[in-house]
Structures are given as C-alpha cells and as structure tokens.
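Chemist: Mind folding the following:
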Amino acid sequence: MSETVTPTRVERNARAAVAALFFTNGALFANLVPRLPEIKSELALTNASYGLAIAAFPTGAILAGLAAGVAIRRFGSARTAVVGTWLTGAGVFLAATMPSALVLAAALLVAGAMDAITDVAQNAHGLRVQRRYGRSILNAFHAVWSIGAVSGGLMAAGMLALDVPRSAHLAISAVLFSVVSDVALRFCLPGPDVEVEEVGADGERPATVATRGRTAWVLAALVLIALAGGLVEDAGSTWAAVYLADSLGAVAALAATGYVALVGAQFVGRMLGDRLVDRFGQRAVARTGAAITATGMGVALLAPTVPGTIAGFAAAGFGIATLVPAAMHAADELPGLRPGTGLTVVSWLMRLGFLLSPPVVGAVADATSLRVALWVVPLAGAVVVVAASVLPGRKRDTLSTG
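Modeler: Presented below is the predicted three-dimensional model:
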C-alpha cells in the first residue's frame, strides 16, 4: 500500500458505504438460518434430504463464484455488489416460501451464487477504498460482516418471538437490506475500479515472464492461507459443539459456547487487525496468528477438558482473524492478472474448502475419532506459518528494499 494519507470526505463516505454492504451481506442469510428448522418440519424433510437442500447454497457459490471477476470488470465492483445483494435477498425470500425440498434447493442455489458474487465484489471495492486510504481497513469490514450476521440472527429471533409469518419476515429483510445497499451505492467510489495506468492494453497488470511464474505460486500460497482460515472457521461452526458434547460430555448450552468463543475472538482479532497490520505487516500478523491457532488448539487437543477446549477454539478464532482479508488483499494486487481475477480465485477456492471440509473431517472422525480429526486445526495453523512468506511485510521493510 502507498504512504498513509488523510482521507477525503468522498473516501470516508465510501468506507461507510462498503461497511454497509458488508453488514447487509452478513445479515441477509443470517435472517434465514433460525427459520430453517421450521422449514424442515413443514416440508417433512429427512435429515439427509434437508442436508442436501442446504448444501445447494455453497454449491451455488462454487458454480457462480468464478463469474465475479467478469461482472466486476464489466459493471464495476460497487454495482455488482449491490445487484448481488438484491438477488441474494430474493433467493433467501424464495427459499423461505418454497413448497418442496427440490424448489428449496433451487432457491438456495441462486442465493448462494449471488452471495458469492456479492462477497467478491464488496471485497474488491473495499480494497479499492483501502488503497485510497493508504493503510489497512479491510479487517474492519470483515468485522462489520460479523456484526451483520449477529444482527440478522437477532432480527430473525425477534420476528419468531412476534409470530411474524416467515414469508413476511424474509420479505421485510430482503427489502430493507436492498434499500440499505441502494443508499450505499450512492456513496461508493466513482469511476473505474482500476486506474488506466495500472493495467496494460490487454487489461492485465504489467508483468514480466519471471513475474508471471512467481504469480502462479504466490497465488497458490494465498489460496492455502485462505483455505486454512476457512477450514478453522468451519471446524468451529460444524464440529465444536459436537466435540464438546459427545466427546467431552459438556451440556448442550455449554457445548454451544465453543463456536461462540471462536467467532467472538475472531471479531476481536479483526477489530484489532488493521492496526496490527499497519504496525507489523501482514506477514508477521498472519504468522503470529497462525502460531496462536496451532498452539492453542494443539494444547486443547493434547489435554482435552471442556474449559481448555473452549479456550482453544477462542485462540483459533483470534489467530485466523486476519488470514482471509490478507489473502484477498495480496491476491487482488498480483501482477499479470486481470483486475479481480486473483481475488475471485482465492474466494472461489476458499468456498470449495467450506463445502469439502465437513465430509472430510467427518470421514476421518468416523475412521478414528473426532479428537484426531480436529488436529486439522493446528495443522492449518502450521501451514500458514510457512505459506505466510508470500504476504507483504511492514511498509518500511518494503520501502527499504526498493
């Protein structure tokens, strides 16, 4: 990033607008989640058919994820994010009103596809604002996404408490957050996403043959970093409560705090992340966080107790807080790629990891034990310690090396 500058009013407004887009993206699907048991019951779905229907959401994200870069280059990141928000809201509304598992899956497929495109587009615009600021702000956007997800869940809980019909609830959610995104669009940065001088005649950032070769393996390392962050997050959401309850004997209410500890610590890490990145650089912050993840969860698995495991998941959440934003930022600035391509590839493959992680961990758990399978968390931390060498260091280090 360039030298820190004082942001203008336009840039401050754009930062608030991107934060609003992240908030809406977190809130939309979170409004549906508390209503899923109700949908499962009304449609009389078996666990297997319910699981297949829900899997349509990440499947849609994978199928459409690679289209995000094309949409961003054609329509701009801000417009793409806003249109994606409209369509995500529509897909979630349709999912809440569908009369069968097949149509439910189709609606979730659309919602997942649009959510993936929105995710890449809002990150692309956030990175554009970050470049104008000259300092790290992307981690704060991801923290706002977490606030949006919690707010969406609370909104759904309130609607359930008030006995608001599901169709009315999700219609209100879709319209409300679409309006928020429309207002945000008015304050996003104007003009093209990439300045003309930053790309060549073919629309790619200039790169030599040697640079192109390096770009390929750097992109692979960035994918590993993003996958590691996503894998640890999924381990918490999918397996923390199961491990605490079934393997360690925690009561249900206490078992639920494993995931809460992870996402809560992740939120704190993202709120602190921008300041730490500006001071120490992405490489040092990622490596330190990965070491905290590996050590904290490793100790929890070596000496399994309920309090220790909850603390281990908290350490893992704090440690991975900056990994996905760091990988996205670095991928978005790789030479030799069309604008948006690196960011799109990292996001797409990370979502593929979200889809594959639960069955892989489950298979290992069935063959051995869940405690053994959860060693994937410390392993992910160890991988990042090595792969983080591709991330940029401190600004003064970058400047001193010319």
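Chemist: what sits up against stretch 168-185?
Modeler: Contact with stretch 168-185 is made by 16-18, 20-21, 23-24, 27-28, 31-32, 35, 78-79, 81-82, 85-86, 89-90, 92-93, 95-97, 152, 155-156, 159, 164, as judged by C-beta atoms under 8 Å, 6 or more residues apart in numbering. C-beta coordinates here come from the backbone N, C-alpha and C atoms, glycine included.
Chemist: repeat for stretch 45-56
Modeler: For stretch 45-56, contacts defined as C-beta under 8 Å, 6+ apart pick out 36, 40, 101, 104, 105, 106, 108, 109, 112, 355.
Chemist: Centre of the chain to that stretch, how far?
Modeler: 23 Å (C-alpha atoms, centre = their mean, to the nearest Å).
Chemist: for stretch 150-165, same thing?
Modeler: The answer for stretch 150-165 is 23 Å, by C-alpha atoms, centre = their mean.
Chemist: Now residue 60: closest residue in space, sequence neighbours ignored.
Modeler: Counting by C-beta to C-beta, 6 or more residues apart in numbering, residue 112 is the residue found nearest to residue 60 once chain neighbours are left out, at 3.1 Å.
Chemist: Mark which of the contacts of stretch 168-185 are part of helices, please.
Modeler: Those of the contacts of stretch 168-185 mapping onto helices are 16-18, 20-21, 23-24, 27-28, 31-32, 78-79, 81-82, 85-86, 89-90, 92-93, 95-97, 152, 155-156, 159, per DSSP state H.
Chemist: Count the neighbours of residue 117 for me.
Modeler: By other C-beta atoms under 10 Å, 29 other residues sit near residue 117.
Chemist: repeat for residue 389
Modeler: 12.
Chemist: so what's residue 316 up against?
Modeler: Shown in contact with residue 316 (C-beta under 8 Å, 6+ apart): 232, 235, 236, 262, 265, 292, 293, 296, 297, 377, 381.
Chemist: Give me the buried subset of the residues you listed.
Modeler: Buried by 16 or more other C-beta atoms under 10 Å: 232, 235, 236, 262, 265, 292, 293, 296, 297, 377, 381, out of the contacts of residue 316.
Chemist: Same list (these) but as a markdown table, adding distance to residue 70, secondary structure and pLDDT.
Modeler: Shown next, in a markdown table, are the buried ones among the contacts of residue 316 (distance: C-beta to C-beta, whole Å; DSSP: H, G, I helix; E, B strand; the rest coil; pLDDT from 0 to 100):
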| residue | distance to residue 70 | secondary structure | pLDDT |
| --- | --- | --- | --- |
| 232 | 30 | helix | 92 |
| 235 | 32 | helix | 86 |
| 236 | 33 | helix | 84 |
| 262 | 34 | helix | 88 |
| 265 | 36 | helix | 91 |
| 292 | 38 | helix | 98 |
| 293 | 34 | helix | 97 |
| 296 | 40 | helix | 97 |
| 297 | 38 | helix | 97 |
| 377 | 35 | helix | 96 |
| 381 | 34 | helix | 97 |
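Chemist: Now stretch 273-281: average pLDDT?
Modeler: What stretch 273-281 shows for mean pLDDT is 94.
Chemist: and that stretch, which residues are buried?
Modeler: Those would be 273, 274, 276, 277, 278, 280, 281, for stretch 273-281 by 16+ other C-beta under 10 Å.
Chemist: One more: stretch 368-387?
Modeler: 370-371, 373-374, 376-381, 383-385, 387.
Chemist: can I get the contacts of residue 316 in CSV with distance to residue 186?
Modeler: As requested, those are exported to CSV (distance: C-beta to C-beta, whole Å):
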residue, distance to residue 186
232, 37
235, 40
236, 37
262, 36
265, 35
292, 40
293, 40
296, 43
297, 44
377, 42
381, 42
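Chemist: nearest to residue 363, of these?
Modeler: Nearest to residue 363, judged by C-beta to C-beta, of the contacts of residue 316 is residue 235 at 14.1 Å.
Chemist: Distance check, the closest one against residue 128.
Modeler: 32 Å (C-beta to C-beta, to the nearest Å).
Chemist: same deal with residue 394?
Modeler: For residue 394 relative to residue 128 (C-beta to C-beta), the value is 23 Å.
Chemist: cool, residue 242 as well?
Modeler: Distance from residue 242 to residue 128, by C-beta to C-beta: 40 Å.
Chemist: More neighbours: which of those two?
Modeler: Neighbour totals were compared for residue 242 and residue 128, and residue 128 leads with 23 against 14 (other C-beta under 10 Å).
Chemist: In terms of helices and strands, where is the more buried one?
Modeler: Element membership for residue 128, per DSSP states H and E: helix 101-133.
Chemist: Count residues in the vicinity of residue 393, would you?
Modeler: By the criterion of other C-beta under 10 Å, residue 393 has 15 neighbours.
Chemist: For it, give me phi and psi.
Modeler: phi -90, psi -160 (degrees, to the nearest 10).
Chemist: Ok, residue 8 next?
Modeler: Per degrees, to the nearest 10, the backbone of residue 8 is at phi -80, psi 170.
Chemist: what pLDDT does it get?
Modeler: 92.
Chemist: Over to residue 364?
Modeler: 87.
Chemist: Go ahead and report the secondary structure state at it.
Modeler: With DSSP: H, G, I helix; E, B strand; the rest coil as the basis, residue 364 sits in helix.
Chemist: distance of it from residue 372?
Modeler: For residue 364, the distance to residue 372 - C-beta to C-beta - is 7 Å.
Chemist: What about residue 68, how many residues nearby?
Modeler: Quick note: residue 68 (other C-beta under 10 Å) scores 29 neighbours.
Chemist: Surely it touches residue 114?
Modeler: No: Residue 68 lies out of contact with residue 114 (C-beta atoms under 8 Å); the separation is 10.3 Å.
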